[in-house]
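K.L.:
Attaching a predicted model along with its sequence, questions to come.
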Amino acid sequence: MRHRRSYRRPHKSRFVEMFGDPMTNPNGWPMARLGDRCLITTGNTPSRNEKENYGDFIEWIKSDNLVDGRLTTASEYLSEIGYGKSRHVGPGSILMTCIAGSLNSIGNSALVDRNVTFNQQLNAITPYKDDVVFLLWLLQLAKPVLHKGINKCLKGILSKSNLSGKVLPLPPLALQREFAAFVAKVDKLAFAARQRRDVAKQLYKAKIQEFFG
């Protein structure tokens, strides 16, 4: 996990360099309601009393699958029947935790890179025209905005209507895409570096086995 945080640090620095702190919007970018720029969909849970809803057809994502901006593999899957009763989303969207026992978990988000279904603790955010990678980082860095107005009882809830009403700075699409290209380049370099480390570890283990074998 430490490697992942370290290689993602340039993303945040680059975002602030290009757009400023989204909490203060020092560059004076136009502000817009999230619900005016995105389709927001709340997930659901097909009835557990109907066993045929669950199987191995498609992943059913929960809040603990949203890790550091990415989706981990779900521990539970829906059947084709359950899929027909579910809310589903594919690449080009973001999943966000909107119901959680901890306020800090509200607003956790991840980029969707495959077709999945998701439960009612999550909202899917699908931009109409903004770049989804830019939007992911905007939402991550503007978490305090998302937390405003949440009922801080035992279980925090960021309702769909509350989320839709959040007003955020949205710079021109060309700049959003420039940032997304930077993220893609850094991620590609980080992936290549991890592959080289993995190969080096395998070679080292093979040499050790050969030496002591």
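P.N.:
Perfect, thanks for sending it.
K.L.:
now the helices: where do they sit in this protein?
P.N.:
Remark: helices assigned in the chain by DSSP state H are 2-19, 34-37, 80-84, 132-141, 143-147, 160-164, 173-212.
K.L.:
Name the spans of the chain whose pLDDT lies under the cut-off.
P.N.:
Applying pLDDT under 70 to the chain picks out residues 1-8, 151-155, 189-213.
K.L.:
can you do 80?
P.N.:
For the chain, applying pLDDT under 80 flags the ranges 1-9, 151-156, 188-213.
K.L.:
From residue 97, how far off is the residue nearest the centre of it?
P.N.:
Closest residue to the average C-alpha location of the chain: residue 110 at 0.9 Å, with C-alpha atoms, centre = their mean. Per C-beta to C-beta, to the nearest Å, residue 110 is found 9 Å from residue 97. Using the backbone N, CA and C atoms, a C-beta is placed for each residue, glycine as well.
K.L.:
For stretch 93-110, buried residues please.
P.N.:
Residues of stretch 93-110 classed as buried by neighbour count (16 or more other C-beta atoms under 10 Å): 93-100, 103, 105-110.
K.L.:
now do the same end-to-end measure for it.
P.N.:
Distance across stretch 93-110, first residue to last, is 9 Å (C-alpha to C-alpha, to the nearest Å).
K.L.:
residues contacting the nearest residue to residue 166 once chain neighbours are set aside?
P.N.:
In this structure, residue 166 finds its nearest non-sequential neighbour in residue 34, 4.8 Å apart by C-beta to C-beta, 6 or more residues apart in numbering. By C-beta atoms under 8 Å, 6 or more residues apart in numbering, the contact list for residue 34 reads 40, 125, 163, 164, 165, 166, 167, 168.
K.L.:
which residue packs closest to the residue nearest to the centre of the chain, ignoring adjacent ones?
P.N.:
Computed as C-beta to C-beta, 6+ apart, the closest residue to residue 110 that is not its neighbour in sequence is residue 66, at 4.2 Å.
K.L.:
cool, residue 19 as well?
P.N.:
Distance criterion C-beta to C-beta, 6+ apart; nearest residue to residue 19, sequence neighbours excluded, is residue 171 at 5.6 Å.
K.L.:
May I have the phi/psi pair for that neighbour?
P.N.:
Phi and psi for residue 171, reported as degrees, to the nearest 10, are phi -70, psi 170.
K.L.:
Next one: it relative to residue 20, how far apart?
P.N.:
Taken as C-beta to C-beta, the span from residue 171 to residue 20 is 9 Å.
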